[in-house]
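*Asks:* take this sequence and fold it.
(one chain, ligands or ions: 1)
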Amino acid sequence: MTRDSTELTEAQLAALVDRFYDKIQVHPTLGPVFNAAVHDWPEHKALLTSFWSSVALGTRSYRGNPMAKHRGHNIHAGHFDEWLALWRETADEVLDAEHAALVHEYAERIGRSLRYGLGLNDGGRSLGLPIVGG
Ligand code: HEM
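*Replies:* Numbering: from 1, shown residues only. As a prediction, this is how the structure comes out:
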């Protein structure tokens, strides 16, 4: 069995988060949503590093309610596709292929449930089932 010998670390996740939110701030469509909501970027990055280390490393350092935090902003379904594309691009720059694939997968799963929870899913298609929503 081949297993990558290097472990994913909190420092790598911090580097990923740092770069990702630097790109977010200047992104044409995601930037305005975030810049209206986030006023302390170092604090936001520290919070998101703790979120990702809880998700990917099981550190349990994050305490919060992501679903509730995404309500009340001007978030559309298309933002999720853009967010995920930017996340993939940044993970590919910062992490090795195995760890990048891991964080792509987590983000896609979390993104699906956030989108669903916010009522932004588009009928049966988001379930990957050949049924018509509604
Ligand atoms: C797809 C995967 C996504 C993940 C994993 C994710 C994760 C998170 C987390 C963990 C927080 C912090 C919650 C807290 O304060 O405890 C957050 C905040 C935030 N997210 Fe996301 N998010 C995602 C997608 C998006 C998208 C598509 C948008 C829309 C542009 C968005 C906009 C925001 C904003 C504006 C905040 C700050 C909320 C506030 O402090 O009032 N997120 N996100």
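*Asks:* from here on, just use CA atoms for contacts and neighbour counts.
*Replies:* Will do.
*Asks:* check contacts around residue 54.
*Replies:* 60, 61, 62 (C-alpha atoms under 8 Å, 6 or more residues apart in numbering).
*Asks:* redo that, cut-off 10 Å
*Replies:* 10, 48, 60, 61, 62, 63 (C-alpha atoms under 10 Å, 6 or more residues apart in numbering).
*Asks:* which member of the residues you listed is positioned nearest residue 21?
*Replies:* residue 48 (9.6 Å; C-alpha to C-alpha).
*Asks:* how near is the closest one to residue 119?
*Replies:* 23 Å (C-alpha to C-alpha, to the nearest Å).
*Asks:* neighbour count winner among these two?
*Replies:* residue 48 (18 against 12; other C-alpha atoms under 10 Å).
*Asks:* how near is that one to residue 18?
*Replies:* For residue 48, the distance to residue 18 - C-alpha to C-alpha - is 9 Å.
*Asks:* swap in residue 112?
*Replies:* 23 Å.
*Asks:* ok, residue 60 next?
*Replies:* Relative to residue 18, and taking C-alpha to C-alpha, residue 60 is found at 20 Å.
*Asks:* who's more crowded, those two?
*Replies:* residue 18 (19 against 13).
*Asks:* who's in contact with that one?
*Replies:* Contacts of residue 18 by C-alpha under 10 Å, 6+ apart are 12, 41, 42, 44, 45, 46, 48, 49, 90.
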